[in-house]
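Visitor: I need the structure of the sequence given here:
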Amino acid sequence: MSAKLIFKMEFYKFLNDKKYLIIAIVLGVANFLLTLSLVDKMNSSYYGYYGSSSSTASSLLGMSAIMSVIFLFIYPFHALAIDYKNNVMALMMASGVNRTKLYFSKIGATLVSAFLLLLIVVVIPVLLLSLRYGSLSDFGEIFESLLWGFDYMGVSSILYFIYMILSYLSVIVIINMVVIFTKGSSAKSVLLFFGIQIAMSILTSSILNSFFDSYWMDANDLIINNIIIYSIMIVGFGLLSLRQLKTQNL
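Guide: Numbering: from 1, shown residues only. The predicted structure is shown next:
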C-alpha cells in the first residue's frame, strides 16, 4: 500500500468524522455570531447603550474561544488514537502495511485535518467579520500592520513564521509519539504529553541559559535558537516514535 493511498484513507476518515466536523462548524458559527454581537454592542456604547448585554456577549465569546482552543488541542489526539481504539491499526500492521509510510501519512493527514478545522473555527469567521465591517482590503491592511509590527520590533516575519510551523509540528510529533507508546489510551497520552512538554521546557531553558547569553541576544537570535531546538525535537521524537511503531505488537 502506497503512502498516497494511506494518506487518502486517513483524510477520508476525517471527512466522515461527522461529530468533530459538526463541533467545528458550531464553534465557528458561535465565534462569528458572538463576535458580531459584541462589536455591534460596543459600537452602540458611543450612544450610551453600553450595558450588561455587552458583558454577557464578552463572557460567552471568551467561553467559545476557550472551547475552540481545547477542541483544536484534543482533535490530534483523537485523530491519531482512533485507529488503536477500533483495532484498525492492528489490522493494518497484520496486513503488512509499511509502517514508515503509515507513520508519515498519519502525521501528514493529521496536520492537514487540523489546519482545515482551524479554518472552520477561526479563519473563516474572521474573514466573514472582515467582510461584514469592511472588505478584504481591510483584512489586508491588518496583515500589513502585523508585518509592520514585526519590522518595528526587529523581528523577521519569515523566521517567526518558520518558528510557528515547527512549533506546531513538534506538538503533533510529540502527540503522535505518546499515542503510539500508550497504544491510543486517551488519559495516559494526554498526561504523558504534558509531562514531556514540561520536561522539554525545563531542559531547553537550561540549555539556553548554559550555552547562550540571552541578555545580549536580539529577538531573531532567540527565534533561531528555538527553531534549532524544535527541529531537534521533531527529528528526535519522530525517530523514537517511528522505532516504537516498527517494533510494536498489537
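
Visitor: tell me the helix or strand right after the worst-scoring helix or strand of the chain on mean pLDDT.
Guide: Ranking every helix and strand in the chain by mean pLDDT, DSSP states H and E puts helix 136-152 at the bottom, with a mean of 62. Where DSSP states H and E defines the elements, the next helix or strand beyond helix 136-152 is helix 157-182.

Visitor: tell me what angle the very next helix or strand once past that next one forms with helix 157-182.
Guide: Heading C-terminal from helix 157-182, the first helix or strand you meet, by DSSP H and E, is helix 186-211. Relative orientation of helix 186-211 and helix 157-182, computed by axes from the mean of the first three to the mean of the last three CA atoms, to 10 degrees: 130 degrees.

Visitor: which helices and strands does helix 186-211 pack with?
Guide: Under the contact definition 3 or more CB pairs under 8 Å, 6 or more residues apart in numbering; DSSP states H and E, helix 186-211 sits against helix 52-85, helix 157-182, helix 219-247. In this view, the C-beta of every residue, glycine as well, is placed from N, C-alpha and C.

Visitor: can you name the next helix or strand after the longest one?
Guide: On the C-terminal side of helix 52-85, the nearest following helix or strand under DSSP H and E is helix 88-94.

Visitor: next SSE downstream of that following helix?
Guide: Following helix 88-94 in sequence order, the next helix or strand is helix 99-118 (DSSP H and E).

Visitor: mind giving me the domain split of the protein?
Guide: Here the domain parsing of the chain from automatic domain parsing is 1-75+116-134, 135-250.

Visitor: where does pLDDT dip in the protein?
Guide: 1, 39-55, 57, 130-154, 208-218, 250 (pLDDT under 70).

Visitor: ok, back up a step: TSV for the domains of the chain, including mean neighbour count and distance to residue 104?
Guide: Output for the domains of the chain, formatted as TSV (neighbours: other CB atoms under 10 Å; distance: least, CB to CB, whole Å):
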stretch	mean neighbour count	distance to residue 104
domain 1-75+116-134	15	7
domain 135-250	14	9
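
Visitor: so which of the ones you listed is nearest residue 94?
Guide: domain 135-250 (8.1 Å; CB to CB).

Visitor: tell me, what residue is most central in this structure?
Guide: Geometric centre of the chain, nearest residue: residue 168, 5.6 Å, by CA atoms, centre = their mean.

Visitor: about what we covered before: any idea which of the domains of the chain gets closest to residue 108?
Guide: domain 1-75+116-134 (5.8 Å).

Visitor: next, residue 87: phi, psi?
Guide: phi 70, psi 10 (degrees, to the nearest 10).

Visitor: and residue 173, how far is that from residue 166?
Guide: 10 Å (CB to CB, to the nearest Å).
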